[in-house]
Structures are given as structure tokens and as C-alpha cells.
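Make a model of this:
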Amino acid sequence: MSLALEHKRRILALGPDAVGGGVDPAYSADTALASPANAQKHLKLMETALAQDLERLSAIKSLDTRQQLKRDELLPKYMDYVERYRDSGLNYPNPVLTQVVVWLFDTVQFDLGLEVALFAMGQDQQMPERFLRRDLQTFVADAVIDWAEAEHKAKRSPEPYVSSLLPFVDGEWDLFEGITARYHKVLGIQALDTNEWTKAIEHFERAIELYPEIGVGTRLGGARKALEKQQKEQAEQATE
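Just a heads-up that it's a prediction; the model follows:
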């Protein structure tokens, strides 16, 4: 779903108060991003509003309440700005944009989150300061695989997100090998669950190649034995 459609869908669902709460009235003005100078002034307004909202979040102890606030109020509040910034063609350090990426992944809105994250990566945007030396690629890859591992443990499928992100984490992005190995481990375990022995072996072997300490040796051995047994049975049936 495009940024525009996603934003409009949420605004319609939440009503006219969804974008209230601290943003200057110039927030929706057409001229706010009309020039680099105006854009910088507008960014300062947005950063001030964002700082206030981050303080609100930090004062909430309940994770569920924080997630609901992000999803139902804060993301609709800032998505319009992100969309207009993208459409402006401007490119400057934008902590509001990267904070929106964080919230989208925090609230498991991975489709829209990846769309916004890829745009931010294309601009070489940096993560908020509190994330220290983590870049956007690492944040996205970590967020999805943490969620995927939890989903699999809960016996829920983490697809299609693990498979769809694999070309990025094992190809386009420069990541710590252990992160990429975790993707192959999850995909290998899923293949085991569906008796896709060859696929499981491929993912486990790649995981070990990337990060020998990934801990899939026993599963790999089991997949190889199962494949060998399957091939033997198929050969016997072919000669009958």
C-alpha cells in the first residue's frame, strides 16, 4: 500500500482528531516544504512535536498502551509529513522520518515500514541518536527476525516477511553475518516443519557458512538423513 493510501485509510478510520496534539498549524500548509529554507523551519516544528511525543511515550509503562499510542495516534500524525517530505524531492537529515520507520516496525506494520525504510536508506538517513551505531538496514533486519523467531516459537508463521526480506539481508545490505544467518535458520526450520529436506539443508548450510556458531548442526544432520531416506525410498519404488 502506498504511503498516501495508508495515511488516508488511517485518518478516515480514526477521525478528525487523529492529527492533533502539538503540531503547529503550519503542519499541513502546502508551502511548508516548498523550499529548503521553509523545509528546515518546518522540520524544527516537527522535531519539537516529536520530542514531546517521545516524552509522552517514555512516561507510559504499559507496552500495549505505548504500542496503541504509536499505531492509533502518533503514526497517523506524522505520516502526512513523511509523505510530503518524500514528494518534495528534498534530502536532508530528517530524524522525524527515521523515527516513523522505528514506530512502523515497532507496531509490526512491515509492508509500509519497509517502503518508508527503503526510501530513507536511499537518502542515507541515520537512525535516531539513541540507537548509537546501528544503521537503518541493521535495525530493520533485527526487528523482523526478532519478531519472526517469536512468531515461530508461538507456532505462528512469520511469512511472508522472512522470505521477502531475505534478498536484502543476504545480498543487498551490509550486515553482521550473524543476523543473516538467523534468517536462514528460521527458513530452514520452517522447511523442516513441512518436510522440505533439500530446502532445509540449503538454508542450514548457508547459515553455518555465514556464522558457524548459529547452532543448526543437529537439524542439518537430521535433514540430511531424512533426505537420504526419502531418496532411497524413491529409488526402491522406481525399481519395483
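
so P158, which of the three states?
State at P158, reduced to three classes by DSSP: H, G, I helix; E, B strand; the rest coil: coil.

and stretch 77-87, which residues are buried?
Within stretch 77-87, the residues that qualify as buried are 77-86, counting by 16 or more other Cβ atoms under 10 Å. (Glycine included, C-beta is placed from N, CA and C.)

Same check on stretch 150-166?
151-152, 158, 161-162, 165-166.

List the contacts of the residue nearest to V140 when sequence neighbours are not counted.
Once flanking residues are discounted, V140 sits nearest to A117: 5.1 Å by Cβ to Cβ, 6 or more residues apart in numbering. Each residue near A117 by Cβ atoms under 8 Å, 6 or more residues apart in numbering is listed here: 101, 104-105, 136, 140.

between those, which is closest to Q126?
L136 (7.8 Å; Cβ to Cβ).

What sits closest to the closest one if chain neighbours are left out?
Per Cβ to Cβ, 6+ apart, closest to L136 is M121, 5.2 Å.

tell me, how many neighbours does the one you found end up with?
18 (other Cβ atoms under 10 Å).

That one and F139 touch, don't they?
No. Counting by Cβ atoms under 8 Å, M121 does not reach F139; the two are 10.4 Å apart.

Name the residues of the helix or strand in which A141 is found that are buried.
Using DSSP states H and E, A141 falls within helix 136-153. The neighbour-count check on helix 136-153 (16+ other Cβ under 10 Å) flags 136-145, 147-149, 151-152 as buried.
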